[in-house]
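> Below: sequence and its predicted model.
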Amino acid sequence: MIQVAPSVLSADFGNLQRDVEAICDAGCDLVHVDVMDGHFVPNLTIGPVVVSAIAACATKPLDIHLMVENNTFFVDLFAPLKPAYISFHIEEEKHPHRLIQKIRSLGIKPAIVLNPHTPPESVEYLLQDLDMILLMSVNPGFGGQSFIDTVIPKASKLNEMRNRLNPNCLIQVDGGVTDKNIQSLKDAGVDVVVAGSYVFNHASKKEAIKSLQI
Ligand SMILES: O=C(CO)[C@@H](O)[C@H](O)COP(=O)(O)O
């Protein structure tokens, strides 16, 4: 069954505790946290003070997605919050293998993120060391964007590589995920989806999450 990680970026930040508790009670698998630095992406979100408040009320593991220029600095900042995963962008890292090792040495599962234009082959020699690969299905930076369809053949290609090189590595897709594209994602071999506006704008978060856990 597909795991669902609602993106807290679409929560009501004036009622953050209420919304984090709501998605956990509604049966989500992970709580997805988007960290943006205003440099790697043209948006600025939250730091460790707010993420520790999220961690304090979340009853599901945290999945931290770094959209930043200085990955190592941010890994050190968020590691004490003990997230299940930290993912970083391959486009912004000169030494991805070293950073994977560092994240794992901190007791956190390492994941790599690929922007829409980045080919799956870019992680071929890292796959054995990863717990998850996140394919962006929107340009990173904002919630509420339209799903980029080319992620489907890209996920299929990655699925073939992952089955061959490291079947334990999960494939995650993030951006514009709804009940309309979830079946194609499942068919392409996707294991985890991030969904922001679809879950938070739905009349029932429970129904929304259930409709993606296929
Ligand atoms: O990382 C990002 C955007 O950069 C995502 O996590 C979005 O926040 C997902 O939101 P929706 O596209 O589902 O509204």
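Yep, it's here.

> Which pLDDT value belongs to the residue in the chain that the ligand sits nearest to?
Per Cβ to the nearest ligand atom, residue 196 is where the chain lies closest to the ligand, at 2.7 Å. Every C-beta, even on glycine, is put in place using the N, C-alpha and C of the backbone. At residue 196 the predicted local distance difference test score is 98.

> go on, residue 95?
According to the model's per-residue confidence, residue 95 sits at a pLDDT of 98.

> That one: how many residues sit nearby?
Residue crowding around residue 95 was assessed by other Cβ atoms under 10 Å; the count is 11.

> what do you get for residue 161?
Burial measure for residue 161: 17 neighbouring residues, criterion other Cβ under 10 Å.

> Is it correct that it is in contact with residue 125?
No. With contacts counted by Cβ atoms under 8 Å, residue 161 stays clear of residue 125, the gap being 10.8 Å.

> list the buried ones in the host helix or strand of residue 184?
Element membership of residue 184, judged by DSSP states H and E, is helix 182-187. Of the residues in helix 182-187, those buried under the neighbour-count criterion (16 or more other Cβ atoms under 10 Å) are 182, 185, 186.

> The last one against residue 213, yeah?
No. No contact is recorded between residue 186 and residue 213 when judged using Cβ under 8 Å, the distance being 10.2 Å.

> Could you pull out the residues contacting both of those two?
Counting by Cβ atoms under 8 Å, 6 or more residues apart in numbering, the contacts common to residue 186 and residue 213 are residue 2.

> Residue 24: what secondary structure?
The three-state label for residue 24, taken from DSSP: H, G, I helix; E, B strand; the rest coil, comes out as helix.

> wait, it sits on residue 55?
No. Contact between residue 24 and residue 55 fails when scored by Cβ under 8 Å: they sit 11.6 Å apart.

> any idea how far residue 173 is from residue 118?
The gap separating residue 173 from residue 118 is 14 Å, by Cβ to Cβ, to the nearest Å.

> all helices in this structure, in order from the N-terminus.
Across the chain, reading from the start of the chain, the helices by DSSP state H fall at 16-25, 48-57, 71-78, 96-105, 151-165, 182-187, 197-200, 205-212.
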